[in-house]
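*Asks:* build the 3D model from these lines:
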Amino acid sequence: MSRLADAFDRLISARPACDPDDALAAARRRAAADRTRRRALVGVGAAAAAVVLVVGAIALSDDDPTDEVRTGPADTTTTSPSPTSTTTEPTPPTNPGEAQVFLSPADDGTCAQVTGVTRQVDADQPLAASLDALLDGPTPEEAAAGLTSWFSQLTSGRLRHVEVVDGTAHVDFYSFASIIPNASTSCGSTNLLAQLDATATQFEGVDQAIYSFDGSPDAFYAWLQRDVPDGARPDLAYQGADAGYVTASGEGVVVSFGDRGQQVITDEPADLAYAVGTGYVAYQRRDPTSLGFPVGDVGPVRGWAQGASGAARPEPFDLPMGEGVEVATLLDADWVAGRPTALVAEGVGTAGDDAMVSLVAIDLVTLDRTLVAPAGDGATPRDARLLPNGDVIAMVDAGNRTDLVRWTPGESTPTWTTALRRDPPVGLASGGGRISLIEQIVNQRPDPDDPEATIGASDIDLATGEPTSPELFGFDPDQLPGGAFPSCHDWWTYDVLVCRLNYSSPVLADPDGGPESLDAPVNARATPIR
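*Replies:* Next up, the predicted model:
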């Protein structure tokens, strides 16, 4: 058992008999009554805005969880040396770039008492940054002062993103249920929610917070053995098409929200589109006059950003390209360090040995460009995916071989390179915190003229680049419209792939069942909302 769990067992056994839920409710009422006094002046935005995006996602640790517990980050420039208050309702800092993280005093007999400590945070995204700091756990100085938390280095970086809508912060985490299983006890869950709620609701425009694991409120609250609060969003991790997705086709780019309707982004023909949250889209306009790069007939890469509430429908815009770039290809778009970001391959020269290709990340809000991978002679990225910290995993064709490569922005050489020892896969798929190689496997049936094709999905070890053994997704050609074989490109949920089909609508595929068609145009490519 970890030292963290031991400490909390001692705390729980020392508490007087009480109802932790009543204590948590009382703590929430006290916080609501005094919210005006204790909210930070660095609020996340006006509460009247229809949607205020405050997003944060940090890369997942590549290491397996251990039994060690960190009481706080070593960088003392980003944390206070000691708690700023020993009361349950401390006054928050008033300086931009400061916010409070709420921890538990060791002598709490209610399970719901919290104490605020000041942290330096990103002034542009204080809510996401404060939750990130909470997930780091107490600093050594705070722990020495008697402050405790379920959170530690084992939960650091588990925030996916935050979106504030009508006063509710929808906070999504990579699941940490297996890391701190004892937090699901009655007193433990009360303590955990008290810290999360106090940290989230200190900001102007945030009246409550609802939490989810990998897009699923059901998963988070089932872990805590509690009911999902009213106002929770659809279960993004498990409801597939109902969760929301974007399609790119000859009819344009459309974001679909299941029963909640659609948002037409453009009627320009498009080959690929990604929706990052509900407010940002990057897409590849189709242009049959272009030679395309790396492969295909593509036009410019364009962006779209949701305007303020009540504003006219925003118009798409071209993403800025580098000097001398002849062709740009959209490869991915996702949250990077809390920013909606597109990943673009920029090519100079003709395809082949003379091609010079670089990978660039473009912020969809500021349009700032970050070079991820410099141009290389004859090395062509066939596919690539963003990681939450800005690193990129790419499948690169180099002469007569195909490599997996991980790049870090600002570095001149790759973090690692792994040569693929089997036939080159057809592409990559990402989603749910995983990136996988997708390959087509053909097996001979008893009749050699009647082959059986299978999709293989191999997860990539992000620390080493080594792929696992493939998980098989069987396809009977008789089940597919026109007998065409699908091109699978993204994880729809954690174990369901979404695939593009020629002469048909996209399909969903899982290891246990046949393909299921999506409500989308023929020849469209569909990707789930990031």
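
*Asks:* in the stretch 351-500 of the chain, what residue spans correspond to strands?
*Replies:* Along the stretch 351-500 of the chain, the segments classed as strands by DSSP state E, counting those that start in this stretch run 356-363, 369-377, 379-386, 392-398, 401-407, 416-419, 427-431, 434-443, 452-459, 471-475, 487-493, 496-500.

*Asks:* nearest to Ala143, of these?
*Replies:* Nearest to Ala143 among the strands of the stretch 351-500 of the chain is strand 434-443; the distance by C-beta to C-beta comes to 33.2 Å. C-beta: built from backbone N, CA, C; applies to glycine.

*Asks:* list the buried residues in that closest one.
*Replies:* Going by neighbour count (16 or more other C-beta atoms under 10 Å), the buried part of strand 434-443 is 434-440.

*Asks:* likewise stretch 217-232?
*Replies:* For stretch 217-232, by 16+ other C-beta under 10 Å, it's 217-221, 223-224, 228, 232.

*Asks:* how is the chain divided into domains?
*Replies:* Domains of the chain are assigned by automatic domain parsing as 3-223, 240-528.

*Asks:* check the ones you listed for me: which has the lowest mean pLDDT.
*Replies:* Lowest mean pLDDT within the domains of the chain: domain 3-223, a mean of 68.

*Asks:* for Pro486, which non-adjacent residue is closest in space?
*Replies:* What sits nearest to Pro486 in space, not counting adjacent residues and going by C-beta to C-beta, 6 or more residues apart in numbering, is Cys499, at 3.5 Å.

*Asks:* before we move on, the earlier item: mind putting the buried residues of stretch 217-232 into a markdown table with distance to Gly410 and secondary structure?
*Replies:* As requested, the buried residues of stretch 217-232 are exported to a markdown table (distance: C-beta to C-beta, whole Å; DSSP: H, G, I helix; E, B strand; the rest coil):
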| residue | distance to Gly410 | secondary structure |
| --- | --- | --- |
| Pro217 | 37 | helix |
| Asp218 | 40 | helix |
| Ala219 | 36 | helix |
| Phe220 | 35 | helix |
| Tyr221 | 40 | helix |
| Trp223 | 38 | helix |
| Leu224 | 40 | coil |
| Val228 | 42 | coil |
| Ala232 | 39 | coil |
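
*Asks:* between the residues you listed, which is nearest Met356?
*Replies:* Ala219 (45.0 Å).

*Asks:* residues touching the closest residue to the closest one other than its chain neighbours, list them.
*Replies:* Spatially, and ignoring its direct neighbours in sequence, Ala219 is nearest to Phe213 (4.1 Å; C-beta to C-beta, 6+ apart). Shown in contact with Phe213 (C-beta atoms under 8 Å, 6 or more residues apart in numbering): 172-175, 177, 219-220, 223, 237.

*Asks:* redo that, cut-off 7 Å
*Replies:* Phe213 makes contact with 173, 175, 177, 219-220 under the criterion C-beta atoms under 7 Å, 6 or more residues apart in numbering.

*Asks:* separation between Asp108 and Pro300?
*Replies:* Asp108 is 57 Å from Pro300, where distance means C-beta to C-beta, to the nearest Å.

*Asks:* between the two, which is the more surrounded one?
*Replies:* Between Asp108 and Pro300, Asp108 has the larger neighbour count (other C-beta atoms under 10 Å), namely 20 against 17.

*Asks:* sec struct for that one, please.
*Replies:* coil (DSSP: H, G, I helix; E, B strand; the rest coil).

*Asks:* what's the answer for Ala183, then?
*Replies:* helix.

*Asks:* show me what contacts it?
*Replies:* By C-beta under 7 Å, 6+ apart, the neighbours of Ala183 are 150, 189, 192.

*Asks:* the first one: neighbour count?
*Replies:* Counted with other C-beta under 10 Å, the burial measure for Trp150 works out to 25 neighbours.

*Asks:* how much space between it and Phe176?
*Replies:* According to C-beta to C-beta, Trp150 stands 9 Å off from Phe176.

*Asks:* next: Gln306.
*Replies:* The spacing between Gln306 and Phe176, counted by C-beta to C-beta, is 30 Å.

*Asks:* check Arg226 too.
*Replies:* 16 Å.

*Asks:* also Ser212?
*Replies:* From Ser212 over to Phe176 the distance is 12 Å, taken as C-beta to C-beta.

*Asks:* partners of the residue lying closest to Val496 once chain neighbours are set aside in the sheet?
*Replies:* Closest residue in space to Val496, ignoring its immediate chain neighbours: Asp510 at 4.6 Å, by C-beta to C-beta, 6+ apart. As for beta bridges, Asp510 partners with Gly513 under DSSP bridges.

*Asks:* Asp495 is in contact with Asp510, correct?
*Replies:* Yes: look at Asp510 against Asp495 with C-beta atoms under 7 Å: they come within range, at 6.1 Å.

*Asks:* re the thing from before, right, and the strands of the stretch 351-500 of the chain - which one's nearest Leu331?
*Replies:* Nearest of the strands of the stretch 351-500 of the chain to Leu331, taken as C-beta to C-beta: strand 379-386 at 4.5 Å.
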